[in-house]
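Colleague: Sharing a sequence plus its predicted fold:
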Amino acid sequence: MTHPADDKRALFQRVVDDIVDQIRTGTLHGGDALPTARKMAENYGVASMTAQRALRELQHLGLTYAVVGKGTFVHPLATERIGANGRPDPARGGTPAMADDPDLNRRVAQFLLKQNEIAGRVVDAMMAKDVRAMNLAAQELADLNAAHQDLAEDIAKYKANTGIDPDDAAPAAPESAKPRRTRKPTK
């Protein structure tokens, strides 16, 4: 990638801006893997340290998350977090709520990706009118929520420690492991 001579942005920022643009335009989607720092350095014609800094900045912005030994991935909420200027936009629910806690951000992202995958199976089963498959997927969704109840508690603790208003837009987290029951109307 060539860089215009009159571009005053830092090299890492150019890389960040290009990846943000790819997320904004739909070239990159939630869950997509980003290239390694070495490959990114080759692609952008920058030093490996510059590419690493760009990856750290993307994670700090809450647009990506890293999994040790696996790589860096686009956060499922990245598109929603990008404002018109390419930065997280609080007015659009785009604050990187856990940007300073990469482990919590990664756990939320993995939960959301799995939740979306299962929800897709629920919808597919509904479209196929396959009640058994729909019930299995719905149970898998309930099991996922139960297995990640600690995530909701960790998000609440994080919000309390950082002073984030609980009513602000934030990543969805499992609310309860108990299935909701409705009462039958009495006659």
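Modeller: Good, I have the coordinates.
Colleague: which helix of this structure spans the most residues?
Modeller: helix 102-127 (DSSP state H).
Colleague: who does that one touch, helix- and strand-wise?
Modeller: strand 64-67, helix 131-147, helix 149-162 (3 or more CB pairs under 8 Å, 6 or more residues apart in numbering; DSSP states H and E). For every residue, glycine as well, the C-beta is placed using N, CA and C.
Colleague: Pick the most buried one from those.
Modeller: strand 64-67 (a mean of 20; mean count of other CB atoms under 10 Å).
Colleague: Now that strand - C-alpha only, PDB.
Modeller: The C-alpha coordinates for strand 64-67 follow below in PDB (Å, rounded to 0.1, in the frame of the first residue of the first chain):
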ATOM      1  CA  THR A  64     -11.400  -6.100  17.700                       C
ATOM      2  CA  TYR A  65     -10.500  -8.700  20.400                       C
ATOM      3  CA  ALA A  66      -7.500 -11.100  20.600                       C
ATOM      4  CA  VAL A  67      -7.500 -14.800  21.500                       C
END
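Colleague: other SSEs contacting it?
Modeller: Looks like strand 64-67 contacts helix 48-60, strand 71-74, helix 102-127 (3+ CB pairs under 8 Å, 6+ apart).
Colleague: okay, these in JSON lines with mean pLDDT next?
Modeller: Listed next are the helices and strands packed on strand 64-67 as JSON lines, based on pLDDT from 0 to 100:
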{"stretch": "helix 48-60", "mean pLDDT": "92"}
{"stretch": "strand 71-74", "mean pLDDT": "90"}
{"stretch": "helix 102-127", "mean pLDDT": "82"}
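Colleague: If we ignore the residues flanking it in sequence, what's nearest the residue nearest the centre of the chain?
Modeller: Centrality entry for the chain: nearest residue to the mean C-alpha point is residue 75, 2.7 Å, by CA atoms, centre = their mean. Among residues not flanking residue 75 along the chain, residue 109 sits closest, at 5.0 Å (CB to CB, 6 or more residues apart in numbering).
Colleague: who's in contact with that neighbour?
Modeller: Neighbouring residues of residue 109 by CB atoms under 8 Å, 6 or more residues apart in numbering: 30, 65, 73, 75-77, 171.
Colleague: hmm, which two among those residues are most spread apart?
Modeller: Largest separation among the contacts of residue 109 by CB to CB: 73 and 171, giving 14.7 Å.
Colleague: Residue 20: which of the contacts of residue 109 is nearest?
Modeller: Nearest to residue 20 among the contacts of residue 109: residue 75, at 11.9 Å, using CB to CB.
Colleague: give the contact list for that closest one.
Modeller: Residue 75 neighbours (CB under 8 Å, 6+ apart): 30, 62-65, 81, 105, 109.
Colleague: please redo it, this time with the cut-off set to 6 Å
Modeller: 63-65, 109 (CB atoms under 6 Å, 6 or more residues apart in numbering).
Colleague: Dump those to JSON lines, plus distance to residue 45.
Modeller: As requested, those are exported to JSON lines (distance: CB to CB, whole Å):
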{"residue": "63", "distance to residue 45": "22"}
{"residue": "64", "distance to residue 45": "21"}
{"residue": "65", "distance to residue 45": "26"}
{"residue": "109", "distance to residue 45": "29"}
